[in-house]
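A.B. asks: sequence first, then the predicted structure:
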There are 2 protein chains.
Amino acid sequence: MQCTAGLVERMMTGDRHALSRLFSLIERDTKALSAVMKDVYPHVGKAYCVGVTGPPGAGKSTIVDGLIQLFRSDGVGVGVLAVDPSSPITGGAVLGDRIRMQRHSLDHGVFIRSLATRGIRGGLSRSARAAVRVLDAFGCDVVLVETAGVGQTELEIMKVADTVVVVFVPEAGDAIQALKAGLREIADVFVVNKGDREGADRAVAAIDEEVHDTRAGSWWRPPVLLTQAINGDGIPDLHRAIADHRAQSEKSSRLEDRRRERRRLEFTEALRESIESRIARIGLGSGRIGSILSRVERGEIDPYLAVASAMDDQEFISCLMRDFGDKP
Amino acid sequence: MQCTAGLVERMMTGDRHALSRLFSLIERDTKALSAVMKDVYPHVGKAYCVGVTGPPGAGKSTIVDGLIQLFRSDGVGVGVLAVDPSSPITGGAVLGDRIRMQRHSLDHGVFIRSLATRGIRGGLSRSARAAVRVLDAFGCDVVLVETAGVGQTELEIMKVADTVVVVFVPEAGDAIQALKAGLREIADVFVVNKGDREGADRAVAAIDEEVHDTRAGSWWRPPVLLTQAINGDGIPDLHRAIADHRAQSEKSSRLEDRRRERRRLEFTEALRESIESRIARIGLGSGRIGSILSRVERGEIDPYLAVASAMDDQEFISCLMRDFGDKP
């Protein structure tokens, strides 16, 4: 684990190989993730994160592809993170979709990576948060996070984003269904893609009505855009809507609120991880903890009652923290 | 959560409705599980747990069904726990297989339940451990835990068992493969089921050789039995082998070793759960933790460095434990 500082240093000089190695580490386990974050964190704070979510087949990758182009034509460094919770190991369909993004692969201002997350406690949202931090430190001005599907997991992941784009297809029923599933609350921009299909205008109107009802009087009224990403139609509008939302978020201090919440999550996750790794080493210790554990093991005291009383016992807690350094 | 003591009391008078309610609670979340365990634990310690594992289609349910009958004819109260990690929500194929067990459903000395485990941190093995405790307190003398598949999860679950039965079918290749996957180490009794199929004797010989190589000189040499569970052939031998292993385990104090390990796991899991629930409430607190968290949220200090230094800070740890009672 000593090597992460060196890797971070090399990554920050633009070494993509080092960047890939860091990704592998944050995907591996919670311990490696924490170690990398310690070295990466001092260098973050510049990147703006845009999340793109919606049901499979809505055209998210095509939209992301279009956005990359527009950001690049402004000279902005772009990182793309493809997260597929339904297939954390292979990356599944996301990888296939990404083929069309490969034309960016020779552009040194773009870095595209899918995210696997076996073994990370706290799941995808924790890994995604860390991955965005790494891309931030790497020097990306904008990080696009694309996630497939609609469900609790995606809602969680979207907590990494400063602006959340939710993509639908014209079948209005699906859209309304998805809005009910909680996307309404997290969306900053709605997109109805495949705008040439029947029902596209109806879908826009239906979403617009929902938004009108639920966001009346709010500091930000999410626009509902019609796109046909395959031709690039509507993508400049989306690009502008993202910029608008960013400007409004900054003005209204909502951006700072989101980022506070994210730092808070990072703190509690790191704290949990640190305490967990000490608990895992219980029994290697001696003294008070060792003696309680021995009595539990012998069946003399009930493990659940032992914990309940131990947690009110300052001396026990002190031992727990003191007995185990950060070395295994 | 106040009601769990009452439920446990009713369950212990033989109320099956109360027993089912307790199962629902331990399946729900880690908090409910801990609450139930606090009330159940004083009443456990009598049940002997037999785990039955092996690849899908090996005939585990038929074997379990045969064992139920033999235990019942001895007048022994039997609990059966069907765990299917590959389908934690529906119970999948296990439910289908269990149909033939339904003839036991009118027998009040038998309780059969499948186990779902959404939302339990620590996963299936934690829920299974708790479920065995509940069946123990209910008065089951023997608890049979059946789990489908062969993988890391099953190996974990088998830590609940005092005797582990591993079931194969005659295709020797599969058996050897599974032995390599880690079943060799956890098996106390091997069964080659569907003994009428070609290659059954060869499979027995192959497993026997493996066992001979790896368990030479050990206190227990796992027998390799041939069964044809669908006709009941070989099941009395299996029943006897389980009794032998139990007797040897008790004599050699290996049973006590296993149970110590289990109590230890229960303690560390409960401790983790308790600390986690306090961490989840961070920020509701004030004082030192509140001030560190505020600085993290404002971005003045790096969350990862903050945790690293906090963990060496006795005062911080004391606050963490003191500031939050067990009430939310």
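C.D. replies: Perfect, thanks for sending it. Numbering: from 1, shown residues only, chains lettered A, B, ... in the order given.

A.B. asks: all helices of the stretch 201-328 of chain A, in order?
C.D. replies: In the stretch 201-328 of chain A, the helices defined using DSSP state H, counting those that start in this stretch lie at A:235-251, A:254-280, A:287-297, A:303-310, A:314-322.

A.B. asks: to clarify, my last question referred to the stretch 51-200 of chain A.
C.D. replies: Going by DSSP H, counting those that start in this stretch, the stretch 51-200 of chain A shows helices at A:60-73, A:92-97, A:123-138, A:152-157, A:172-178, A:184-186, A:200-214.

A.B. asks: quick check, central residue of chain A?
C.D. replies: Closest to where the C-alpha atoms of chain A average out (CA atoms, centre = their mean) is A:Ala128, at 3.4 Å.

A.B. asks: that residue and A:Arg113 touch, don't they?
C.D. replies: No. The pair A:Ala128 / A:Arg113 is not scored as a contact, 11.1 Å apart, by CB atoms under 8 Å. All C-beta atoms are positioned from the backbone trio N, CA, C, and that covers glycine.

A.B. asks: what ranges of the stretch 101-250 of chain A fall below the confidence cut-off?
C.D. replies: Scanning the stretch 101-250 of chain A for pLDDT under 70 picks out the ranges A:101-106, A:116-123, A:149-154, A:172-181.

A.B. asks: just to revisit the earlier point, could you dump the helices of the stretch 51-200 of chain A to TSV with distance to chain B?
C.D. replies: As requested, the helices of the stretch 51-200 of chain A are arranged in TSV below (distance: least, CB to the nearest CB, whole Å):
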stretch	distance to chain B
helix A:60-73	25
helix A:92-97	18
helix A:123-138	10
helix A:152-157	11
helix A:172-178	20
helix A:184-186	20
helix A:200-214	27
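
A.B. asks: between A:Ala128 and A:Arg113, which contacts overlap?
C.D. replies: Common neighbours of A:Ala128 and A:Arg113 (criterion: CB atoms under 8 Å, 6 or more residues apart in numbering or on different chains): A:Leu81.

A.B. asks: leaving out chain neighbours, which residue sits closest to A:Phe111?
C.D. replies: Leaving aside its sequence neighbours, A:Phe111 sits nearest to A:Gly79 (CB to CB, 6 or more residues apart in numbering or on different chains; 4.9 Å).

A.B. asks: likewise for A:Leu255?
C.D. replies: Nearest one to A:Leu255, counting by CB to CB, 6+ apart, is A:Ser249 at 3.8 Å.

A.B. asks: show me what contacts the one you found?
C.D. replies: Here A:Ser249 is in contact with A:162-163, A:220, A:255, A:258 (criterion: CB under 8 Å, 6+ apart).

A.B. asks: which among the residues you listed end up buried?
C.D. replies: Among these, those classed as buried by 16 or more other CB atoms under 10 Å in any protein chain shown are A:162-163, A:255, A:258.

A.B. asks: next one: the residue nearest to A:Leu255 from A:Val145, what distance?
C.D. replies: 16 Å (CB to CB, to the nearest Å).

A.B. asks: what of A:Leu255?
C.D. replies: For A:Leu255, the distance to A:Val145 (CB to CB) stands at 16 Å.

A.B. asks: and stretch A:196-211, how far from the chain's centre?
C.D. replies: Remark: stretch A:196-211 is offset 28 Å from the chain centroid, using CA atoms, centre = their mean, to the nearest Å.

A.B. asks: CA atoms only for it - export them in PDB, please.
C.D. replies: Coordinates of each C-alpha in stretch A:196-211 appear next as PDB, following Å, rounded to 0.1, in the frame of the first residue of the first chain:
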ATOM      1  CA  ASP A 196     -38.600  11.300 -33.600                       C
ATOM      2  CA  ARG A 197     -40.700   8.500 -32.000                       C
ATOM      3  CA  GLU A 198     -44.400   8.800 -31.600                       C
ATOM      4  CA  GLY A 199     -45.500  10.300 -28.300                       C
ATOM      5  CA  ALA A 200     -42.300  12.300 -27.800                       C
ATOM      6  CA  ASP A 201     -44.200  15.600 -27.400                       C
ATOM      7  CA  ARG A 202     -46.700  14.000 -25.100                       C
ATOM      8  CA  ALA A 203     -44.000  12.600 -22.900                       C
ATOM      9  CA  VAL A 204     -42.300  16.100 -22.600                       C
ATOM     10  CA  ALA A 205     -45.700  17.600 -21.700                       C
ATOM     11  CA  ALA A 206     -46.400  14.800 -19.100                       C
ATOM     12  CA  ILE A 207     -43.000  15.300 -17.400                       C
ATOM     13  CA  ASP A 208     -43.400  19.000 -17.600                       C
ATOM     14  CA  GLU A 209     -46.700  18.800 -15.800                       C
ATOM     15  CA  GLU A 210     -45.300  16.600 -13.000                       C
ATOM     16  CA  VAL A 211     -42.300  19.000 -12.600                       C
END
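
A.B. asks: list the buried residues in that stretch.
C.D. replies: Within stretch A:196-211, the residues scored as buried using 16+ other CB under 10 Å are A:200, A:203-204, A:206-208, A:210-211.

A.B. asks: distance of A:Asp312 from chain B?
C.D. replies: Distance of A:Asp312 to chain B, given as CB to the nearest CB, to the nearest Å: 8 Å.

A.B. asks: and that residue, what's its pLDDT?
C.D. replies: We have a pLDDT of 70 for A:Asp312.

A.B. asks: distance of it from B:Ala280?
C.D. replies: Distance of A:Asp312 to B:Ala280, given as CB to CB: 18 Å.

A.B. asks: likewise A:Ala35?
C.D. replies: 24 Å.

A.B. asks: more crowded one of the two?
C.D. replies: The residue with more neighbours, out of A:Ala35 and B:Ala280, is A:Ala35; 19 against 13, by other CB atoms under 10 Å in any protein chain shown.

A.B. asks: from the contact counts, what lies against the strand or helix carrying the more buried one?
C.D. replies: Element membership of A:Ala35, judged by DSSP states H and E, is helix A:30-40. Applying 3 or more CB pairs under 8 Å, 6 or more residues apart in numbering or on different chains; DSSP states H and E, one finds that helix A:30-40 contacts helix A:4-12, helix A:16-28, helix A:123-138, helix A:254-280, helix B:303-310.

A.B. asks: what is the second one packed up against?
C.D. replies: Yep, that's helix A:16-28 we're talking about. helix A:4-12, helix A:30-40, strand A:110-115, helix A:123-138.

A.B. asks: report the angle between it and strand A:110-115.
C.D. replies: Interaxial angle of helix A:16-28 relative to strand A:110-115 (axes from the mean of the first three to the mean of the last three CA atoms, to 10 degrees): 20 degrees.

A.B. asks: let me know the angle separating helix A:16-28 from helix A:30-40.
C.D. replies: Using the same axes, to 10 degrees, helix A:16-28 lies at 140 degrees relative to helix A:30-40.

A.B. asks: one more: the shortest one?
C.D. replies: Here helix B:303-310 runs at 110 degrees with respect to helix A:30-40, directions being taken by the same axes, to 10 degrees.

A.B. asks: residues contacting helix B:303-310, please?
C.D. replies: A:34, A:37-38, A:41, A:263-264, A:266-267, A:270-271, A:274, A:326, B:292, B:295-296, B:316-317.

A.B. asks: relative to the whole chain's centre, how far out is it?
C.D. replies: Its chain's C-alpha centre lies 36 Å from the corresponding centre of helix B:303-310 when counted by CA atoms, centre = their mean.

A.B. asks: restrict it to CA atoms and write it as CSV.
C.D. replies: Extracted as CSV, the C-alpha positions of helix B:303-310 are listed here (Å, rounded to 0.1, in the frame of the first residue of the first chain):
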residue,chain,number,x,y,z
PRO,B,303,-12.2,13.7,5.5
TYR,B,304,-9.6,10.9,5.2
LEU,B,305,-7.0,12.8,7.2
ALA,B,306,-9.7,13.8,9.7
VAL,B,307,-10.6,10.2,10.3
ALA,B,308,-6.9,9.1,10.6
SER,B,309,-6.2,11.7,13.2
ALA,B,310,-9.6,11.3,15.0
